[in-house]
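K.L.:
turn this into a structure:
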Amino acid sequence: MQNQLSHPGGHSVHTNKHILSEDRIVGDIATIANMIMYISYIGEIVQNLNGNPTSFIQPFCAAINAALWVAYGWVKPKRDWILIVADVPGVIFGLVAAITAIV
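P.N.:
Residues are numbered from 1 along each chain as shown. Sure thing, here's the model as predicted:
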């Protein structure tokens, strides 16, 4: 089968009967980037556990923000799994970073 990129005015990539919309591609990339951003709190968590505490306020606020996005993705009429999956690490790592900063 012939692969085609979107034609002028088109908004999808056709590959072997699979249609990937531009919003799905951007959403998948944004999900990965968001998860990497939240996983980067591991460095702060390690510093906190090694006796070099960082500020708790930024990861705590990030955890609240991520929790709100998870809740929003959950209560939508059709659950937004990309949004949920992207922000669950923010809740976990944000809270762990905040807690280890104050303990």
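
K.L.:
avg pLDDT for the top helix by length along the chain?
P.N.:
Looking across the chain with DSSP state H, the single longest helix is helix 81-102. On average, the pLDDT along helix 81-102 is 96.

K.L.:
what sits up against that helix?
P.N.:
With CB atoms under 8 Å, 6 or more residues apart in numbering as the contact definition, helix 81-102 has outside contacts at 27-28, 30-31, 34-35, 37-39, 41-42, 44-45, 48-49, 53-57, 59-67, 69-70, 72-74. All C-beta spots, glycine's among them, are computed from the backbone N, C-alpha and C.

K.L.:
among those, which ones are buried?
P.N.:
Neighbour counting with 16 or more other CB atoms under 10 Å marks 31, 34-35, 38, 41, 44-45, 48, 54, 56, 59-60, 62-63, 66-67, 69-70, 73 as buried within the contacts of helix 81-102.

K.L.:
so which residue is smack in the middle of this protein?
P.N.:
Among the residues of the chain, Ala86 comes closest to the average C-alpha position under CA atoms, centre = their mean, at 2.7 Å.

K.L.:
distance-wise, check it relative to Gly73.
P.N.:
As judged by CB to CB, to the nearest Å, Ala86 and Gly73 stand 8 Å apart.

K.L.:
now swap in Ile84 and tell me
P.N.:
Ile84 sits 4 Å away from Gly73, going by CB to CB.

K.L.:
and what of Pro53?
P.N.:
32 Å.

K.L.:
same check, this time on Leu83
P.N.:
Distance from Leu83 to Gly73, by CB to CB: 4 Å.

K.L.:
using CSV, write down the CA coordinates of the strand or helix carrying Glu44.
P.N.:
Counting by DSSP states H and E, the element that carries Glu44 is helix 41-49. Only the C-alpha atoms of helix 41-49 are listed here, as CSV (Å, rounded to 0.1, in the frame of the first residue of the first chain):
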residue,chain,number,x,y,z
TYR,A,41,10.8,15.5,39.9
ILE,A,42,12.8,12.4,40.7
GLY,A,43,15.9,14.6,40.9
GLU,A,44,14.2,16.8,43.5
ILE,A,45,13.0,13.8,45.4
VAL,A,46,16.6,12.4,45.6
GLN,A,47,17.9,15.8,46.7
ASN,A,48,15.2,16.0,49.4
LEU,A,49,16.0,12.5,50.7
